[in-house]
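>>> missing the sequence, but the structure's below:
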């Protein structure tokens, strides 16, 4: 019996060693394939990666990505359009892309908003903020806690309100102590195999654009630390939304909310439509058949929304 127990323990240790070695190898390869494209700043005690383009003295535009993503998600469809006249800024949220994760309270909207505020302070000040999915919750908290830094909001397929039930099983497992560390060692192996199906859910009912996985640097999320960081944000989101949602009525920042009629990732009824009702200065735009990715499938609507908010915030006050 003892021999079998020792053999089982050795086999388990060998399996964990092999998974850890594979995870390290995967991380090295994917970071070489998708290297940092910008510079780094310090925020909340962590090294944050950000990218900028366009004239320094032009109107500022800050892009905040959602869960399981990185700064390229919004940069790809928007930076080229706006960088000739705007200062476009994007950053990897804490723990994702090439940003490090603060040691304490990194999962909270308040901490993430402070990181976003630090990005703006380091890049010239107030900006119109464009945010996708869970990034919208952070953009809202940024506007609530640091209103002097937000001139307007464009929220794309936003996640913003408390919801019934629990987060996805994989997020709960990934964020769990100890067992989560072991599960996350599996992600560099399992994640790439499941990525096509997961991405398809985001784009439903439309097909996934050709080369999207590479264009959006999707493989970066399957590094164990990045996967866990995103999972911790997702697991914390319900309580975080519940805490900040009562404050939405005080937010007078001009905002445009863009959502599809149906979305397999975030319920438009529970989030986008509820948010449009809560925000005093919000407009709601429906992007038909755009799923969870209006910025990729109906980029024209997002561009028009950004221009509309720019007009609203730059218009002279009535005498």
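Cool, got the structure. All values reported here derive from a predicted model rather than from experimental measurement. Residues are numbered from 1 along each chain as shown.
>>> which residues in the stretch 201-319 of the chain form helices?
Assigned by DSSP state H, counting those that start in this stretch, the helices in the stretch 201-319 of the chain fall at 212-215, 224-244, 274-278, 294-297, 299-314.
>>> Let's have those helices in a markdown table, adding mean pLDDT.
Listed next are the helices of the stretch 201-319 of the chain as a markdown table, based on pLDDT from 0 to 100:
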| stretch | mean pLDDT |
| --- | --- |
| helix 212-215 | 96 |
| helix 224-244 | 98 |
| helix 274-278 | 98 |
| helix 294-297 | 98 |
| helix 299-314 | 94 |
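>>> Tell me which of the ones you listed sits most buried.
Highest mean neighbour count of those: helix 294-297, a mean of 24 (counted as mean count of other C-beta atoms under 10 Å). Glycine gets a C-beta too; all of them are placed from N, C-alpha and C.
>>> Go through the helices of the stretch 201-319 of the chain and name the closest to residue 53.
Closest approach to residue 53 among the helices of the stretch 201-319 of the chain is made by helix 299-314 (15.0 Å; C-beta to C-beta).
>>> Nearest to residue 147, out of the helices of the stretch 201-319 of the chain?
helix 299-314 (12.7 Å).
>>> Show me what that closest one is packed against.
Packing partners of helix 299-314 (3 or more C-beta pairs under 8 Å, 6 or more residues apart in numbering; DSSP states H and E): helix 72-82, strand 127-132, strand 150-156, strand 255-259, strand 282-286, helix 294-297.
>>> Tell me the buried residues in stretch 159-169?
Of the residues in stretch 159-169, 159, 160, 161, 162, 163, 167 count as buried by neighbour count, 16 or more other C-beta atoms under 10 Å.
>>> out of those, what pair is the most spread apart?
160 and 167 (15.3 Å).
>>> show me the contacts for the nearest residue to residue 153 once chain neighbours are set aside.
Distances taken as C-beta to C-beta, 6 or more residues apart in numbering place residue 255 nearest to residue 153, at 3.9 Å, with adjacent residues excluded. Applying C-beta atoms under 8 Å, 6 or more residues apart in numbering, we find residue 255 in contact with 152, 153, 154, 155, 279, 281, 282, 283, 309.
>>> And the nearest residue to the first one once chain neighbours are set aside, how close does it get to residue 58?
Nearest in space to residue 152, with sequence neighbours left out and distances taken as C-beta to C-beta, 6+ apart, is residue 309 at 3.9 Å. Distance of residue 309 to residue 58, given as C-beta to C-beta, to the nearest Å: 15 Å.
>>> for the helices of the stretch 201-319 of the chain, which one sits closest to residue 50?
Checking the helices of the stretch 201-319 of the chain against residue 50 by C-beta to C-beta gives helix 224-244 as the closest, at 16.6 Å.
>>> and the closest one, how far from the chain's centre?
Relative to the chain's own centre, helix 224-244 is displaced by 11 Å; criterion: C-alpha atoms, centre = their mean, to the nearest Å.
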